[in-house]
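# Build me a model from this:
(chains A and B)
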Amino acid sequence: MKLLSRSYTKNGEGSVKLVAEEGEDLWHAYNIIREGDLVTATTFRKISRDSGAGSQSEKVKIKLTVRVEAVDYDAEGQELRLRGKNLTESEHVAPGAYHTLQIETQRAFTLEKALWDAVDLDRIQVACNPAARADLAAILITEGLANMVLVGSAMTLTVASIATSMPGKRGAAAEGYSKALSSFFNKIFQAVTRHVDWGIVKCLVIAGPGFAKEQFREYLLAEAVRQELKPIMTNKDKILLAQASSAYSHSLKEVFANPGIAAQIKDTKAAQETKALQDFYSRLSTDSARAFYGSGHVMAAHELQAIQTLLISDRLFRTSDVAKRKRYVELVEEVGKANGTALVFSSLHTSGQQLDQLSGIAAILRFPLPDLEDQELDAAI
Amino acid sequence: MPGGKGGGGLYAENDYDDEEYDDFMDYGDQYDQYDDPAAAPQQTAKPSVKSLAGPKSKATQPAAAAAKKKQQVSVIYPNAPPLASPQADPVQPFGFDTPSPDDKVLQQQQRKGGSHQLSNDSTAARSARAGAGAAGTASAASPSNGLSTSEQGQKAARATPVNAAAAELDSMRLNSHAEATTSGAPPAATPSKLGRPLQEFRLEPDLLRMCEEADRTGQEGGGGSKPRLHLVILGHVDAGKSTLMGRLLHDLGLVDQKQVHRSKQAAAQAGKGSFAWAWLLDERPEERARGVTVDVAVSRFETAQRAVTLLDAPGHRDFVPNMIAGAAQADCALLLVDGSPGGFEAGFDSSAASTGFGMAASSGQTREHAQLARSLGIEQMAVVISKLDTCGFSQARFEEIKAILLPFLRQTGFRESSLRWLPAVGPTGQNLVGPPTEPALASWFQGPSVADAIDSFQAADRDIHKPLRMPIVEVFKSSRGALCISGKVEAGVMKIGSSVVVIPGYEAGTVKTLEADQQVVQLARAGDRVDVTLADVNTSMLTAGAVLCHPDWPIPLVTRVEARVLVLDVEVPILRGQQVILHAHAAREQGHVSALISLLDAKTGQVAKQRPRALGKGQTGVLEVTAARTFAVEQYSDFRAQGRIALRDGGRTLAVGIVTGLPCLLP
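Okay, here's the model as predicted:
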């Protein structure tokens, strides 16, 4: 994300002008823009003109400001659409008429908010920091199933999922197996050539149970030599192997836990989140009075200034309920002020999805609160 | 060990039979609930389905549908009286100053809204019939009998004018009837895919005749008249499973000398002479290169009393999913335990150093295999202690291992009477088929041999009086080039020409060929392992984990499963949101624990706590798992083989259990 200009005060109103540079920036924008915000962007609108002999329609390029009523994000298609009422005087669109702005990469937009809170400002800072990019490609593979994912700073995207039936072991038909295996590998190879941009990706991890990962690396390198694919040959050192217990995408957490891989991506959000969630789980099993989840329990622990690490999903901040969001923002700020750590998880990472299943909010405490454990607390927020 | 307590909850030795029976009683009722209302509309709705725009599209737009109805009625309304008047003279013209019977009914319908739509077509059909019945005594000219939303209803109204008052009464009655059916019906379910109630199933007469014939001659399905056994070989990696089985196959005369020689030479050339016997079963290049079985090898042999299908499962922890698919087909097991000094301990220790997220670093597979095998329905097991030649065939070692294993296996749910204990040595063939020849072993061990132990296993009953179920284990190209599926028929019967359906996909087809033991057969009954080719079927639907079913009683397809589970030795308790891989029969799917429903008392099985925060090691509880994609699974009370599940994550088994409910049956 590129920040072109800004004029805001914390906890006050103001505006920023931003350019989304890649797909992931749209995700950041999705997390900043909420109902009620004013967004100005260049857009296209179909205008139909009645010229007497039938109507003709024409696409016109106009700049519109809309008051956002609905935000719609599609991770797979990399699209962000903002629906709202037009506020601009224009010959084509009446004020008050509905228009849907599509935010695109490489096209600037201005966002005006009545209230900029700490989480929004953090998000803009993170989004504009190019050093925080992870950009890791991973292939999770086992015989007959492979998932290829791209891990960015804020999102994990499954770009290819390949499943084939492998014949079993039946005497002389072993040949059918090797044939099936190489056709399976070839499909993954195609996915690698299509989706891995070696200019961006720091490393390509091949992970999975058993020996398929090693076999595939051999296949990949041999095939690259055969087809003279320079990018793969020159980046041979970036291809790493790791252990994972399955080829399903949630085994990615095991890849992040692998020390060799963790060193490569240590400063990235994905790795930090995975680590924090892992700490939370192990604390929960060893000392359950120091690990809580659910907003009721977490808020109660916060009142006692007990939170060491707060784990909170960005899903909770995307609410249109202003009061609710304010309370979460305050929580994050206060935990930070009290020398705690507040981690805002991305719900497009597997770790964030797992946290979402745990109500989206969890905390590791400084000191045990055994009394809290037994209390039935309903969601306080 | 805390695991033991929980073991009592699911499969305790004593209450084991009762408990399974109880399950059946409890969940039988539940089944009815799911099924009856679904079946009812199917039967009654048929006559009128055509006349409606389609019940599904209507149900999705209740408001639009209601509006349409109003329109229809208002069209009929002015027409109806003149139509009827020529014949029926004592009619009083309706003044339109009070709400007409139609209006009343309409109001009621609208109040009920969308939920009413479903049963509407059935009532329309009924009302048409009611109208026809009243034709003989026709005396009044009020339009329609209330629910004339379908054309049939309209026709009935025109043809047979009914007394207004009677019509009102009638429609009210119908309406209340409609209400009754609505309340029980699941919303927006197309009944056809849910299948018919299991109780209605009767085996087709011709199949029954063929089964009786086969029982008499004892020829069909291969294996002659000997009872069939499906035997899985379990144990920690490098316990010697494949070696022992290779040698056993040789000693039983199933592998000729030439093959053995070839295998020995290949192994010697690769510098792995000790793998010669295992290579008879491990034929893939990477299995040979690494000396580890990856996939289940299937072979067949016969002992004196039994026709055995042998499933040689991999022992390496990375391949436990393959082992599960193998063990799910088995009736009994051989558990191989490495008797060499330190070998048993390496395979049995559960002191796994965690590297986070419950990742098993070095835990032995003996424990996990035994627990999985029990939970997958294996009750009979022979524990074979191998490699005793490394410690001079010491009886003390044998007894030591037995003393450690027996309590564990009992806690896991095995009955002591169903366990056999024997020593054997693979490479030298000690105690495999005949009694031991080694004096050091023969001095203290009198039997049984491995083959004797296999003979003593009871064959499972053939479950033929149930709808067909065959989980697809493997899909391959046969030598003739046709796509062939292979698996064990778990229930029911099929013959060449039977129509079947493949789920997921609801792909219908007919059985073209059936093969057992590379021989063409006419009939496959529950308990047979067969290769099937299908005609008229979209081959992309044929995948491992799909299930071949009877077309009228297909297996349910769900995303959510409610299961009663026993939590195994997990480091981190199971919380809501725990990511799991769900294993059932040959299928596996990624998912997560979406709810912890209750914690059960390990002893009594009663609910100890509703909605617990976590389920810890050794506890028994009810939880709900949501899979990422639809999944074919069944309630344990209906079909045991498809109702058993295992939950795994990070390379270890978190919990095993049985399916107690399917909360959202998909249409």
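# rest of the way, CA atoms for contacts and neighbours
Will do.
# Tell me where the stretch 401-550 of chain B has strands.
In the stretch 401-550 of chain B, the strands defined using DSSP state E, counting those that start in this stretch lie at B:419-423, B:469-471, B:474-477, B:483-488, B:493-495, B:499-503, B:507-516, B:519-520, B:523-525, B:529-535, B:547-549.
# Pick the most buried one from those.
Neighbour counts (mean count of other C-alpha atoms under 10 Å in any protein chain shown) averaged over each of the strands of the stretch 401-550 of chain B peak at strand B:469-471, with a mean of 30.
# any residues touching that strand, and which ones?
Under the contact criterion C-alpha atoms under 8 Å, 6 or more residues apart in numbering or on different chains, strand B:469-471 has outside partners B:487-492, B:544-550, B:555, B:585-586.
# Let's have the strands of the stretch 401-550 of chain B in CSV, adding mean pLDDT and distance to residue A:334.
Output for the strands of the stretch 401-550 of chain B, formatted as CSV (pLDDT from 0 to 100; distance: least, C-alpha to C-alpha, whole Å):
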stretch, mean pLDDT, distance to residue A:334
strand B:419-423, 90, 62
strand B:469-471, 93, 55
strand B:474-477, 85, 57
strand B:483-488, 89, 60
strand B:493-495, 91, 67
strand B:499-503, 90, 53
strand B:507-516, 89, 58
strand B:519-520, 85, 74
strand B:523-525, 87, 68
strand B:529-535, 90, 64
strand B:547-549, 92, 55
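# Any stretches of chain B with poor pLDDT?
Flagging of chain B using pLDDT under 70 yields the residue ranges B:1-101, B:103-194, B:218-225, B:350-363, B:664-667.
# Can you pull the residues of it lying near chain A?
Contacts of chain B with chain A, taken as C-alpha under 8 Å from any C-alpha of the partner chain, map to B:283-284, B:286, B:294-298, B:318-319, B:355-357, B:359, B:474-477, B:543-544, B:571-573, B:575-579, B:590, B:594, B:649-651.
# Which members of the contacts of strand B:469-471 are the farthest-apart pair?
Using C-alpha to C-alpha, the contacts of strand B:469-471 span at most 19.6 Å, a distance reached by B:492 and B:544.
# where does residue A:224 fall, helix, sheet strand or coil?
Three-state call for residue A:224 (DSSP: H, G, I helix; E, B strand; the rest coil): helix.
# What's the separation between it and residue A:150?
With the distance defined as C-alpha to C-alpha, to the nearest Å, residue A:224 ends up 21 Å from residue A:150.
# Looking at the stretch 401-550 of chain B, which residue is nearest chain A?
As assessed by C-alpha to the nearest C-alpha, chain A sits closest to residue B:476 within the stretch 401-550 of chain B, at 4.8 Å.
# wait, what's in contact with that residue?
Going by C-alpha under 8 Å, 6+ apart, residue B:476 touches A:165-168, B:483-485.
# want to throw these into CSV with distance to residue A:176?
As requested, the contacts of residue B:476 are exported to CSV (distance: C-alpha to C-alpha, whole Å):
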residue, distance to residue A:176
A:165, 11
A:166, 9
A:167, 7
A:168, 9
B:483, 12
B:484, 13
B:485, 14
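# Excluding chain neighbours, give the residue nearest to the residue of the stretch 401-550 of chain B closest to chain A in space.
residue A:167 (4.8 Å; C-alpha to C-alpha, 6 or more residues apart in numbering or on different chains).
# And for residue B:581?
residue B:590 (4.5 Å).
# Quick check: which element contains that neighbour?
Per DSSP states H and E, residue B:590 falls inside strand B:587-600.
# check contacts around the residue in the stretch 251-381 of chain A that chain B sits nearest to.
Relative to chain B, the nearest point of the stretch 251-381 of chain A is residue A:357 (4.4 Å; C-alpha to the nearest C-alpha). Contacts for residue A:357 (C-alpha under 8 Å, 6+ apart) come out as B:576-578, B:594.
# Kindly report the same for residue B:249.
When contacts are counted by C-alpha under 8 Å, 6+ apart, residue B:249 touches B:255, B:301.
# hmm, try it at 10 Å
Taking C-alpha atoms under 10 Å, 6 or more residues apart in numbering or on different chains, we find residue B:249 in contact with B:243, B:255-256, B:277, B:280-281, B:299-302, B:310, B:432-433.
# cool, and residue A:75?
Residue A:75 neighbours (C-alpha under 10 Å, 6+ apart): A:23-24, A:26-27, A:155-157, A:348.
# cool, residue B:416 as well?
With contact set as C-alpha under 10 Å, 6+ apart, residue B:416 has these partners: B:13, B:380-381, B:406-407, B:409-410.
# how far away is it from residue A:45?
Residue B:416 is 78 Å from residue A:45, where distance means C-alpha to C-alpha.
# Kindly report the same for residue A:107.
Distance check for residue A:107 against residue A:45: by C-alpha to C-alpha, it reads 16 Å.
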